[in-house]
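Q: I would like the atomic coordinates for the input below:
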Amino acid sequence: MRRHSAVAALAVAVLAVTVVPSAWAGPRPFRTRAADDTAWRLIESALARSETVRNLVEQLERSDVIVTVQVCHVTAPALGDTRVVAAAEGTRFLRVRVTVREDLTDQLVVLGHELRHAVEIADAPEVRNAEGQRALGERIGWSSAAAGGYETEAAITAGDAVRRELRRGKVR
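A: Next up is the predicted model:
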């Protein structure tokens, strides 16, 4: 009973985080949320400048996950991370953290990389906790001390694609 109460309380807390109003002209994502104004500005910039990020967010919109993005100091060696926070009936809650960086491009690349990890989790309905996430990482990726967990080729490819899009300055 305690566990269900804790999950329910966490779910309410995650749902309380709303996307900050902005100048982004596209539909506001429901399942990709910002922990604060700084995180929303990062998401907004990524949506405006990267087709890869737009595609990842669209995939998340069709899933059962809710992703909250935070911009904070992530413990080295990782520049970001994605974690399953909780799971309730029909919804899984993820947290994506992107480390504070001076270079916005680097932050956007990390966001794209981590959103790809979120899609990997979204595509694996059995992943409902840290143990399930670890098993998924072992199945589709490899252990990486540099990443502080597991890494996948798809996430690396997504980050690289975001970097190329930013270099070209290609906007929708």
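
Q: can you show me the strands along this structure?
A: Ranges of strands in the chain, per DSSP state E, are 32-34, 65-72, 80-88, 91-99, 142-144, 149-151.

Q: can you list these in a markdown table and add mean pLDDT, distance to E165 and mean neighbour count?
A: In short, each C-beta sits where N, CA and C put it, glycine included. As requested, the strands of the chain are arranged in a markdown table below (pLDDT from 0 to 100; distance: least, C-beta to C-beta, whole Å; neighbours: other C-beta atoms under 10 Å):
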| stretch | mean pLDDT | distance to E165 | mean neighbour count |
| --- | --- | --- | --- |
| strand 32-34 | 96 | 18 | 24 |
| strand 65-72 | 97 | 19 | 22 |
| strand 80-88 | 96 | 18 | 20 |
| strand 91-99 | 97 | 17 | 22 |
| strand 142-144 | 90 | 24 | 12 |
| strand 149-151 | 91 | 21 | 19 |
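
Q: kindly reformat these as CSV containing distance to L108.
A: Listed next are these as CSV, based on distance: least, C-beta to C-beta, whole Å:
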stretch, distance to L108
strand 32-34, 14
strand 65-72, 11
strand 80-88, 11
strand 91-99, 9
strand 142-144, 21
strand 149-151, 19
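
Q: closest one to H117 among these?
A: Closest to H117 of the strands of the chain is strand 80-88 (C-beta to C-beta; 4.1 Å).

Q: just want the angle from the helix ranked longest in the chain to strand 91-99.
A: Criterion DSSP state H: the longest helix present in the chain is helix 104-122. With axes from the mean of the first three to the mean of the last three C-alpha atoms, to 10 degrees defining the directions, helix 104-122 sits at 160 degrees from strand 91-99.

Q: and helix 104-122, how far from the chain's centre?
A: Its chain's average C-alpha position is 6 Å from that of helix 104-122, according to C-alpha atoms, centre = their mean, to the nearest Å.

Q: and what of stretch 86-104?
A: Going by C-alpha atoms, centre = their mean, where stretch 86-104 is centred and where its chain is centred differ by 5 Å.

Q: other residues contacting that stretch?
A: Outside stretch 86-104, the residues within contact range by C-beta atoms under 8 Å, 6 or more residues apart in numbering are 7-8, 10-11, 14, 39, 42, 45, 64-74, 78-85, 107, 110-111, 114-115, 117-118, 121-122, 127-129.
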